[in-house]
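>>> no sequence on this one, just coordinates:
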């Protein structure tokens, strides 16, 4: 009997020790969990390079949210398509697997045709018009329209006007575009623009454009100076023509259920941070675009700025695009009129 007692004692000690360790770990886990509940961590995914002004504006937004909430809300930002392409991160935000996502607005036309109107050539002729529309009734209509699809619109980062760049020849007037193989997005309006210019539009995924230019699959594209430079496209380009044929905006959205699940105070913080980030990012985007243009020139890219008469020609050539796409089911005529009324101009004045 004594031998049995001697043998079981060490076993009991081991069991007791293991139980104490387990209880201690549980207590630590419980403590850590309670600390985690003090911080709401949310993820934001988007596809542009981390150095791009859109990305920097998103980082500023995250910084402002954390600052305003005293660390109660932390937004983790993921750039460079680490969490997927524009479409993929938007779909993730809609499902709720991501709290936030950012995308260029042409990719949002699957949700509402209102974004198609933003794509019309020369509907916005300068940044003042862009900001007036986005901050006014046209922007408010889009914000409301996105909610049935499960999105809360937070803010619109400034992407910039698209310029025409190529590696074949100088382009001064639309006739110089004849026969050029031009990379476009999947936007039917952008493709129609280049058809009017006499070019051969070819949709190519953004991640493949550099190689396509390098190999001659395409010879030209349209994009902002800053995005082109940050993506090193200057290495495969020789000429740029500053025609502002299309304005592109980005949009930052939050999953609507997640937004509604926040306290009213936290909702206000997120929206205030979006407003402040918008002002900060617009200034940065405009400064960066001028800087990138100069970088193009310094690199040896020939940048041509059309005369007033030549610009009138660039506009008039693409007027038929409006006739094709401003109709129900595409660029909604009523919404196009709201934009024009907000800007205090008419279609005729754009193309006169």
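It's in. Owing to the predicted nature of the structure, the values given are computational and were not obtained by experimental measurement.
>>> CA atoms for contacts and neighbours, from now on please.
OK.
>>> So what pairs up with residue 184 in the strands?
Taking DSSP bridges as the rule, residue 184 bridges to residue 203.
>>> Check the burial of it by counting its neighbours.
Around residue 184 sit 26 other residues, with neighbours defined as other Cα atoms under 10 Å.
>>> If I look at it, what pLDDT would I see?
The pLDDT attached to residue 184 in the predicted structure is 92.
>>> how near is it to residue 162?
Computed as Cα to Cα, to the nearest Å, the residue 184 to residue 162 distance reads 11 Å.
>>> Which neighbours do those two have in common?
Overlap between the contact sets of residue 184 and residue 162, as judged by Cα atoms under 8 Å, 6 or more residues apart in numbering, is given by residue 222.
>>> Going by residue numbers, what spans are helices in the stretch 101-250 of the chain?
Assigned by DSSP state H, counting those that start in this stretch, the stretch 101-250 of the chain shows helices spanning 114-118, 127-135, 137-146, 188-196, 209-215, 225-230.
>>> Mean pLDDT per helix and strand in the protein: which one sits at the bottom?
helix 2-36 (a mean of 44; mean pLDDT, DSSP states H and E).
>>> returning to that earlier point: point out the most buried one among the helices of the stretch 101-250 of the chain.
Here the criterion is mean neighbour count by mean count of other Cα atoms under 10 Å, and of those the winner is helix 114-118, at a mean of 24.
>>> Quick one: the strands in the stretch 251-352 of the chain, in order.
With DSSP state E, counting those that start in this stretch applied, the stretch 251-352 of the chain shows strands at 302-304, listed in chain order.
>>> could I get the helices of the stretch 101-250 of the chain as a markdown table with mean pLDDT?
Output for these, formatted as a markdown table (pLDDT from 0 to 100):
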| stretch | mean pLDDT |
| --- | --- |
| helix 114-118 | 94 |
| helix 127-135 | 97 |
| helix 137-146 | 98 |
| helix 188-196 | 95 |
| helix 209-215 | 96 |
| helix 225-230 | 92 |
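>>> wait, which of those is closest to residue 39?
helix 137-146 (27.9 Å; Cα to Cα).
>>> so what secondary structure elements neighbour that closest one?
Packing contacts for helix 137-146, counted by 3 or more Cα pairs under 8 Å, 6 or more residues apart in numbering; DSSP states H and E, involve strand 151-155, helix 333-343.
>>> As JSON lines, those with distance to residue 167 would be great.
Formatted as JSON lines, the helices and strands packed on helix 137-146 follow (distance: least, Cα to Cα, whole Å):
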{"stretch": "strand 151-155", "distance to residue 167": "35"}
{"stretch": "helix 333-343", "distance to residue 167": "35"}
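>>> Just name the most buried of the ones you listed.
strand 151-155 (a mean of 24).
>>> what sits against residue 88?
For residue 88, no residue meets the contact criterion (Cα under 8 Å, 6+ apart).
>>> so where does it fall, helix or strand?
Using DSSP states H and E, the element containing residue 88 is helix 86-95.
>>> Name the residues of that helix that come out as buried.
The neighbour-count criterion (16 or more other Cα atoms under 10 Å) identifies 86, 87, 88, 89, 90, 91, 92, 93, 94 as the buried residues of helix 86-95.
>>> can you tell me which of these lies nearest to residue 283?
The closest of the buried residues of helix 86-95, once distances to residue 283 are taken by Cα to Cα, is residue 86, at 23.9 Å.
>>> Skip the chain neighbours and tell me the closest residue to the closest one.
By the measure of Cα to Cα, 6 or more residues apart in numbering, the closest residue to residue 86 outside its immediate chain neighbours is residue 103, 4.9 Å from it.
>>> Contact partners for that neighbour?
Residue 103 makes contact with 46, 47, 86, 87, 89, 90, 250, 251, 252 under the criterion Cα under 8 Å, 6+ apart.
>>> who's the last one bridged to?
Pointing back at residue 252 there. Note on residue 252: beta-bridge partners residue 102, residue 155, judged by DSSP bridges.
>>> Lovely, talk soon.
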